[in-house]
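A.B. asks: Give me a 3D structure for the following:
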Amino acid sequence: METQTNTEFSRAETIPAPERVDRIFLENNLLRVMGFLFCHDKRTASRHIDSFTTIEELVKRPITIQPHSSYGQPGPGHFKLFLAIMKKLSDYGRPVPNNVYFSRAEMARLTDRSWGGNTGKQFMQFFLGLASTRITTSFYDRLSDKWEIANFSIPSDFIVSGKGSNVQSCSITIPEIVRRSLQDNFFSCLNYSRIRGVNSIEVAFYIRLFHHFSNLHENGSRNSVQIRKRYDAICSEWLGNLGVRPSRSLIVQQLGPHLDNLVSQSFLRSYSITRTAAGDGFNLTFFPGKTFFEDYDRFYKARMQTEVQFQYHDEQISIGQPLELVRRFHELRTGQKITASHITLGEQQYAAKLTNELGYEDAAAFMEYGVKRARAADYSVNTLSGLKVYFADFLQKREAIDRGREQAAERQEQEREQQAQAAYATFRKRRAEELLAAAAEDLRDEIEATAVARALAKRPSFQGATDRMTIYFERIALIEERIGLPTFEEWRLSISRAQ
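C.D. replies: Okay, here's the model as predicted:
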């Protein structure tokens, strides 16, 4: 990052576009959950149907996984779908949305699959298996400095459209507590290109090792970074109750090919498998290689620099809104909340026609109008296109259309405001670092010491990444107090003048 010596806020100052890299953001609480949630042996995962609770950190923060009896514990295919969901969220940028959308081709590409005779059925099994598995764990809320217990599934609900057994597109809803935590920057940033097209066990090792290596490297020297963990704990906490092998040779046969691949890519310099001191099992020790340090500098250190992207809004219009319109129709028709549904391609196409012609708000108003008319006429309508007979009458209700347009305008204004606030937050953090770098050394030292003192006053015991984030935000607050940062209104005015 370039250091600016001029601490005044220039009217022509703009935000440079960051380098586009293929990143994936993983919410830090979900990093703990992932290791227990997904069993990386697809032959045994479906047989794991009993709930299990981890004894983690002396039962201070347990994780409970409750698989559905019909689907079993999520396996490698579910894991790839989960990562695809998180990748889509990463690509959407900020503000973090509640939904992600997939086209048919994109769903296959991001899950390393190709379309065949059973692919649509397999994807439906993955969706149902994930949505039906309940997770109970604690989430850290940095704003309130508290942990809260959450029970959720990922996705919390979904809609899939298709024709016959072929899936065409889908809309997935993200749990609010996950979305909020990502919005609060409580995540790790990884190199997505390293996990594309890779076996799920290797991906799980890369994610966990990168996260732990990064935390250690952030607080120590390059040579001090290494991780030692019991083999049986790795099987249960990182690999979702993968079967424990009794001998070193069988462990090498089970995990060796995946770890050797990480060594060949220089992500690991080396690893070892040794007996525990008590002789009651084995330890695995990992040493990072040069590509870890390259990824650390390029991804982990720059994890706060998220750009605002607009792909989400395009896909919301082309995929999300038509699917949501059909779901709302069936909920209104049946009087029941729908959390998982498979709708026909014909319904999606008619819904897309409505949203294109009327806009989403007016299309929803027409749908509600049509259902009311059908009920009044005792007309049993089972598909959205069955409301066509009321379309001409609806167009004459200009007040309903005008009301829908006003709501759409208000919603668009709110979205623009959210985008501006997110862009300002990114600018504010970067500007604070620039001002601090340009300040006198004694002022920098004072700010750093005061930030640490304030953080310790809030959390007397240091607990890793959580407290480093607290120090980070205290530092920005102090820079604003001692040096001064532009307000949102000043920043917005400077942007408009520069354009």
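A.B. asks: Surely H342 is within a strand?
C.D. replies: Yes. Per DSSP: H, G, I helix; E, B strand; the rest coil, H342 lies within a strand segment.
A.B. asks: where along the stretch 201-350 of the chain do the helices fall?
C.D. replies: Remark: helices assigned in the stretch 201-350 of the chain by DSSP state H, counting those that start in this stretch are 231-237, 248-264, 290-295, 311-315, 321-334, 345-358.
A.B. asks: after the host helix or strand of A408, next one along is what?
C.D. replies: Taking DSSP states H and E as the criterion, A408 maps to helix 398-438. Note on helix 398-438: by DSSP H and E, the next helix or strand toward the C-terminus is helix 441-458.
A.B. asks: Give me the packing partners of that following helix, helices and strands only.
C.D. replies: Counting contacts by 3 or more CB pairs under 8 Å, 6 or more residues apart in numbering; DSSP states H and E, helix 441-458 is packed against helix 398-438, helix 465-482. (C-beta placed from N, C-alpha, C; glycine too.)
A.B. asks: With just CA atoms, put it into CSV.
C.D. replies: The C-alpha trace of helix 441-458 is given here as CSV (Å, rounded to 0.1, in the frame of the first residue of the first chain):
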residue,chain,number,x,y,z
GLU,A,441,6.6,7.7,15.1
ASP,A,442,5.7,8.8,18.7
LEU,A,443,2.0,9.3,17.7
ARG,A,444,1.9,5.9,16.0
ASP,A,445,3.3,4.2,19.1
GLU,A,446,0.8,6.0,21.3
ILE,A,447,-2.1,5.0,19.1
GLU,A,448,-1.0,1.3,19.0
ALA,A,449,-0.4,1.2,22.8
THR,A,450,-3.8,2.8,23.5
ALA,A,451,-5.6,0.5,21.1
VAL,A,452,-4.1,-2.6,22.9
ALA,A,453,-5.0,-1.1,26.3
ARG,A,454,-8.6,-0.5,25.2
ALA,A,455,-8.9,-3.9,23.8
LEU,A,456,-7.6,-5.6,26.9
ALA,A,457,-10.0,-3.5,29.0
LYS,A,458,-12.9,-5.1,27.0
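A.B. asks: Which parts of it count as buried, going by neighbours?
C.D. replies: By neighbour count on 16 or more other CB atoms under 10 Å, the buried set for helix 441-458 is 447, 450-452, 454-455.
A.B. asks: Can you add pLDDT and distance to R475 and give the residues you listed back as JSON lines?
C.D. replies: Converted to JSON lines, the buried residues of helix 441-458 look like this (pLDDT from 0 to 100; distance: CB to CB, whole Å):
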{"residue": "I447", "pLDDT": "89", "distance to R475": "6"}
{"residue": "T450", "pLDDT": "90", "distance to R475": "9"}
{"residue": "A451", "pLDDT": "87", "distance to R475": "4"}
{"residue": "V452", "pLDDT": "86", "distance to R475": "9"}
{"residue": "R454", "pLDDT": "85", "distance to R475": "9"}
{"residue": "A455", "pLDDT": "81", "distance to R475": "9"}
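A.B. asks: Which single one of those is nearest to A422?
C.D. replies: A451 (23.8 Å; CB to CB).
A.B. asks: got a list of what the closest one touches?
C.D. replies: A451 makes contacts with 471, 474-475, 478, as judged by CB atoms under 8 Å, 6 or more residues apart in numbering.
A.B. asks: Quick one: neighbours of Q254, just the number.
C.D. replies: 18 (other CB atoms under 10 Å).
A.B. asks: Please disregard the earlier target; I meant A409.
C.D. replies: 11.
A.B. asks: If the closest residue to H342 other than its chain neighbours is in a bridge, with which residues?
C.D. replies: Excluding the flanking residues, the one nearest H342 by CB to CB, 6 or more residues apart in numbering is V160, at 5.0 Å. Note on V160: beta-bridge partners C170, H342, judged by DSSP bridges.
A.B. asks: V160 contacts Q125, doesn't it?
C.D. replies: No. Counting by CB atoms under 8 Å, Q125 is not a contact partner of V160; they are 11.5 Å apart.
A.B. asks: about what we covered before: export the helices of the stretch 201-350 of the chain as a markdown table, with columns for mean pLDDT.
C.D. replies: Below are these laid out as a markdown table (pLDDT from 0 to 100):
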| stretch | mean pLDDT |
| --- | --- |
| helix 231-237 | 93 |
| helix 248-264 | 96 |
| helix 290-295 | 92 |
| helix 311-315 | 75 |
| helix 321-334 | 88 |
| helix 345-358 | 89 |
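A.B. asks: So for P62, which of those sits nearest?
C.D. replies: Nearest of those (CB to CB): helix 231-237, 12.0 Å.
A.B. asks: Locate the residue of this structure with the greatest distance from its centre.
C.D. replies: Residue farthest from the centre of the chain, counting by CA atoms, centre = their mean, is A377 at 45.8 Å.
A.B. asks: List the contacts of that residue.
C.D. replies: With contact set as CB under 8 Å, 6+ apart, A377 has no partners.
A.B. asks: For V167, see how far away it is.
C.D. replies: 35 Å (CB to CB, to the nearest Å).
A.B. asks: Stretch 486-496: which residues count as buried?
C.D. replies: In stretch 486-496, counting by 16+ other CB under 10 Å, buried: 486, 491, 494-495.
A.B. asks: Relative to R113, which of the buried residues of helix 441-458 is nearest.
C.D. replies: Nearest to R113 among the buried residues of helix 441-458 is A455, at 45.2 Å by CB to CB.
A.B. asks: The nearest residue to V203 once chain neighbours are set aside: neighbour count?
C.D. replies: Using CB to CB, 6+ apart and skipping the chain neighbours, the partner closest in space to V203 is I195 (4.5 Å). Neighbours of I195 under the rule other CB under 10 Å: 21.
A.B. asks: if I pick I195, what's in contact with it?
C.D. replies: I195 neighbours (CB under 8 Å, 6+ apart): 24, 83, 203, 206-207.
A.B. asks: And S90, by the same measure?
C.D. replies: Shown in contact with S90 (CB under 8 Å, 6+ apart): 23-25, 192.
A.B. asks: can you do 10 Å?
C.D. replies: By CB atoms under 10 Å, 6 or more residues apart in numbering, the contact list for S90 reads 22-26, 96, 100, 182, 187, 189-190, 192, 306, 309.
A.B. asks: cool, E294 as well?
C.D. replies: E294 makes contact with 191, 266-267, according to CB under 10 Å, 6+ apart.
A.B. asks: Quick check: the gap between it and F286.
C.D. replies: For E294 relative to F286 (CB to CB), the value is 17 Å.
A.B. asks: same deal with A365?
C.D. replies: To F286, A365 is 58 Å away according to CB to CB.
A.B. asks: ok, the two, which is more surrounded?
C.D. replies: The neighbour count for A365 versus F286, taken as other CB under 10 Å, is higher for F286 (25 against 19).
A.B. asks: thought the more buried one was touching Y206?
C.D. replies: No. Checked against CB atoms under 10 Å, the pair F286 and Y206 is beyond contact range at 11.0 Å.
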